[in-house]
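**Student:** structure, please.
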Amino acid sequence: MAPPGARGQGDGAAAGQPGLSLFYGWVRRTRAGVLDYAATLPEDDLHALRPAFPRSVAGLLAHAAECYLHWTGHVGLGRAPVPERDRDPDLEGVRALFREADAVVAGALARGSGLDAPLDVDGERLTLRWLVLHPVTHEFHHKGQIASLGRALGHPVPDGSDLDLVLPG
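**Tutor:** Numbering: from 1, shown residues only. You can find the predicted model right below:
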């Protein structure tokens with residue numbers, strides 16, 4: 001049974017998975033802050049490459065969204081593979097990738113108790129729950145890179161901003 005107040009908080013809580021859905025709602029709210037920060041960057045800096053970083057800010061964001069599409073969507077739900085990109089998308093393209101990723105996660109969360117059914121993935125025993133949480137941790141890893149890259153480009157994250165998980169309020 002869901003704890004009182006777990007549903008109906010605008011987080012897209014799925015039947016049977018209010019805790020995980022609530023958590024993913026916090027992830028989405030945190031991501032909104034990162035996307036707002038990215039929107040403040042000049043277009044050239046959004047796509048700038050630096051030797052110490054594997055991708056541009058736009059590339060890191062797109063990669064994080066594509067990880068949800070690959071792990072949760074393709075591996076976990078059997079959706080088509082994520083197509084290769086030949087360039088980084090603009091910020092609206094990144095937002096579109098995250099909307100698609102959010103839909104994939106919602107589809108996974110709708111599986112309820114099926115989230116814990118074992119899946120054989122290249123000889124590893126995983127679950128759909130793991131295939132949702134792995135991209136979340138990966139996204140947060142890249143948020144740190146985005147903050148560092150922004151600083152290197154002369155655009156530190158503004159004081160009072162927090163790229164860590166938002167408060168539950």
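
**Student:** strands along the chain, start to end?
**Tutor:** 118-121, 124-127 (DSSP state E).

**Student:** which residues sit against the last one?
**Tutor:** This means strand 124-127. Leu115, Asp116, Ala117, Pro118, Leu119, Asp120 (CB atoms under 8 Å, 6 or more residues apart in numbering). Quick note: C-beta positions are derived from backbone N, CA and C, even for glycine.

**Student:** how close does the fourth one get to Arg50?
**Tutor:** For Pro118, the distance to Arg50 equals 41 Å [CB to CB, to the nearest Å].

**Student:** can you check the fifth one too?
**Tutor:** Counting by CB to CB, the gap between Leu119 and Arg50 amounts to 37 Å.

**Student:** does Leu49 touch Arg55 like I think?
**Tutor:** Yes. With contact defined as CB atoms under 8 Å, Leu49 reaches Arg55; the gap is 7.5 Å.

**Student:** settle it for me: which of the two has more neighbours?
**Tutor:** For Leu49 versus Arg55, neighbours defined as other CB atoms under 10 Å are more numerous around Arg55 (19 against 12).

**Student:** so what's the closest residue to Tyr37 other than its chain neighbours up against?
**Tutor:** For Tyr37, ignoring the flanking residues on the chain, the nearest one in space by CB to CB, 6 or more residues apart in numbering is Val157 at 5.9 Å. With contact set as CB under 8 Å, 6+ apart, Val157 has these partners: Tyr37, Ala147, Gly150, Arg151, Leu163.
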